[in-house]
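[1] Any chance you could fold what I've pasted below:
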Amino acid sequence: MLEKIFKLKQNGTNIRTEVIGGLTTFMTMAYILAVNPALLSMPKDSGGAGMDATAVLIATCLAAFVGTLCMALLANYPFALAPGMGLNAYFTYTVCGQLGYDFKLALAAVAVEGVIFIVLSVTNIREAIFNAIPASLKKGVSAGIGLFIAFVGLQGAHLIVDSPATLLTYVSFRKDFHTAGICAILALIGLVVTTILYIKKIKGSILIGILVTWILGMISQAAGLYVVNPDAGYGSLYPSLGMTDLSAFGNTCGQVFNADFGGIRTFDFLVIVCSFLFVDMFDTIGTLVGVATKAKMLDKNEKLPRIKQALLADAVATLVGAIFGTSTTTTYVESSAGVGAGARTGLASVVTGLLFLLAIFFAPVFTAIPGFATAPALIFVGFLMVTVVTEIDFTQYTDAVPAYLCFLCMPLAYSISEGIAIGVVSYVIINFICGKKNKITPLMYVLAVLFICKYVFL
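    Numbers count the residues shown, from 1 in each chain. All right, here's what the predicted structure looks like:
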């Protein structure tokens, strides 16, 4: 039955590999179960959305479950979805905090975005955008995502930290040894373990690396090397058993239909919807391009089969997530961890989705997975994705320079969509001025203009 649904043999995989891939993806994404409720529940008087944390947790799990299951059954791809980082911060700090809108109205904006996305997906517009991106830029996107998630991993490991003088620097191992220092050391050990296992072709090497790093962390806590300091963001590494209060779900579920549009400023609302729309659209397209390119899922014409179904799954997840009570749900770049572990079909997504559903009841167990434990997976998978840069022809400057700017800007701007924007705009301008207008499709001109307008007006 599974073979018939997911075509495992055709995709060169098996049930065991898909299960490991799905579990790996979930473990690299599990942080969202702690981060999203924390962000969206920030009190109104502190510039937040003031939502119920438990309700947001349940909404997060359900949105991830529905979206990831849609991706599995509609598109048969190993891509997982959940409320997006960055989009949830915009939802909280800008829409609810800075502009002062109630969270119900913010959810309404997300719902409107979801409806627009469904229309764009059904009418092939998003698919056309995906296919319009040149092959060189697609490889640049893949490499950029590799650098981006590696950077996220380095931060999660507490190896790279903020610096007033240089913006970023290494952690002070001696000064912060019992918190950030030991986390960084354990992450480096986990990276070495993951790398060696992968080189030796051990199945599930990335997942094993996560588990080994987490176990070493718990041993370090027991030995006093790791000191719990909740005020500084260093909680206990031991998972705790506990049940979620399901009755709280009503505090967010369906609240989008109770939004009060009476005092709304039309232009502000349009700006909010467009902002959600732009970031979500190009984050999703960038993730699909990058992960699919590395996984060799693109066809001979550099197109992704079943792209319409994948984008439709993403759009449905956004709308459903808003109804449940969470910010924009999008395709996660951490899906690349599961792909790196060998996942190639929607069966891996089913596993990831079911784990998110299970997390509703045992959230404390999953939220105990520390960032430094998943960091080795992100850093190593980042390396795997960056290797695609060797396929870019760096002797063709009109192709290579935009690709370079694309993968350079993603980690530096901390945004997949910004990297795509710089890549598209520079590609159009450079090729136009250099007399290679025949390489530029009409849709690339449109995208370049839209990105420029975004910087001017949003």
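
[2] Am I right that His158 is in a helix?
    No: His158: not assigned to a helix; according to DSSP: H, G, I helix; E, B strand; the rest coil it is coil.

[3] what's the distance between it and Ile15?
    36 Å (Cβ to Cβ, to the nearest Å). Quick note: C-beta positions are derived from backbone N, CA and C, even for glycine.

[4] now do Trp214
    Applying Cβ to Cβ to Trp214 and Ile15 gives a distance of 25 Å.

[5] Which one's more surrounded, His158 and Ile15?
    Comparing His158 with Ile15 by other Cβ atoms under 10 Å, the one with more neighbours is His158, at 24 against 14.

[6] Please, where are all the strands along the chain?
    81-83, 160-163, 167-170, 329-331 (DSSP state E).

[7] which ones are touching the most centrally placed residue in the chain?
    Centroid check for the chain by Cα atoms, centre = their mean gives Tyr332 as the closest residue, at 3.0 Å. Tyr332 is in contact with 25, 29, 79-82, 84, 287, counting by Cβ atoms under 8 Å, 6 or more residues apart in numbering.

[8] Now the two most distant members of those residues.
    Using Cβ to Cβ, the two most remote members of the contacts of Tyr332 are Thr25 and Gly84, lying 15.2 Å apart.

[9] Leaving out the residues flanking it, which one is nearest to the residue nearest to the centre of the chain?
    Excluding its sequence neighbours, the residue lying closest to Tyr332 (Cβ to Cβ, 6 or more residues apart in numbering) is Ala80, at 5.2 Å.

[10] ok, the one you found to Thr330 distance?
    For Ala80, the distance to Thr330 equals 10 Å [Cβ to Cβ].

[11] Of these two, which one has the most company?
    Neighbours per residue (other Cβ under 10 Å) separate Ala80 from Thr330, with Ala80 holding more: 30 against 27.

[12] who's in contact with that one?
    25-26, 29, 64, 67-68, 71, 331-332, 334-335, 338, 349, 352-353.

[13] follow-up on the earlier one: what about Thr25 and Gly84, which has more around it?
    Taking other Cβ under 10 Å, Thr25 and Gly84 do not tie; Thr25 has more neighbours (32 against 29).

[14] Just to check, that one is in contact with Ala337?
    Yes: if you go by Cβ atoms under 8 Å, Thr25 and Ala337 touch, sitting 5.6 Å apart.

[15] what ranges do the helices span in the stretch 351-458 of the chain?
    Assigned by DSSP state H, counting those that start in this stretch, the helices in the stretch 351-458 of the chain fall at 363-366, 371-386, 397-413, 416-433, 442-457.

[16] what does stretch 308-321 contact?
    Everything outside stretch 308-321 that qualifies as a contact, by Cβ under 8 Å, 6+ apart, is 59, 62-63, 66-68, 70-71, 74-75, 77, 79, 81, 83, 110-111, 113-115, 117-118, 120-122, 124, 126-127, 130, 280, 284-285, 288, 304, 327-331.

[17] helices or strands next to the helix or strand bottoming out on mean pLDDT in the chain in the packing?
    Of all helical and strand segments in the chain, the minimum by mean pLDDT, DSSP states H and E falls on helix 363-366, at a mean of 76. For helix 363-366, the elements it packs on are helix 346-359, judged by 3 or more Cβ pairs under 8 Å, 6 or more residues apart in numbering; DSSP states H and E.

[18] For the helix it packs on, give the mean pLDDT please.
    For helix 346-359, mean pLDDT is 96.

[19] Stretch 279-291 now?
    In this model, stretch 279-291 has a mean pLDDT of 85.

[20] Show me what that stretch is in contact with.
    79, 84, 86-87, 90, 113, 117, 120, 126, 129-130, 133, 138, 141-142, 144-146, 304, 307, 310-311, 314, 318, 328, 330-333, 335-336, 339, 385, 415-417, 419-421.

[21] again with stretch 388-395
    Residues contacting stretch 388-395 (Cβ under 8 Å, 6+ apart): 136, 139-140, 142-143, 146, 293-294, 399-400, 403, 407.

[22] Which one among these sits at the bottom for pLDDT?
    For the contacts of stretch 388-395, the least confident entry is Lys294, with 78.

[23] Quick one: the helices in the stretch 151-300 of the chain, in order.
    182-199, 205-223, 266-294.

[24] Tell me what angle the longest one forms with helix 442-457.
    Right, helix 266-294. Computed by axes from the mean of the first three to the mean of the last three Cα atoms, to 10 degrees, the angle separating helix 266-294 from helix 442-457 equals 130 degrees.

[25] quick one: helix 266-294 to chain centroid distance?
    12 Å (Cα atoms, centre = their mean, to the nearest Å).

[26] can you give me the angle it makes with helix 397-413?
    110 degrees.

[27] before we move on, the earlier item: export the contacts of Tyr332 as TSV, with columns for distance to Ile392.
    Formatted as TSV, the contacts of Tyr332 follow (distance: Cβ to Cβ, whole Å):
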residue	distance to Ile392
Thr25	27
Met29	29
Phe79	24
Ala80	28
Leu81	29
Ala82	31
Gly84	27
Thr287	19
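
[28] Among these, find me the one that's closest to Val228.
    For these, the nearest to Val228 is Met29 (24.0 Å; Cβ to Cβ).

[29] list the contacts for that closest one?
    Met29 neighbours (Cβ under 8 Å, 6+ apart): 64, 80, 82, 332, 334, 352.

[30] Quick check: the two most widely separated of those?
    Every pair of these checked by Cβ to Cβ; the farthest is Ala64 and Glu334, at 11.4 Å.

[31] Name the spans of the protein whose pLDDT lies under the cut-off.
    263, 458 (pLDDT under 70).
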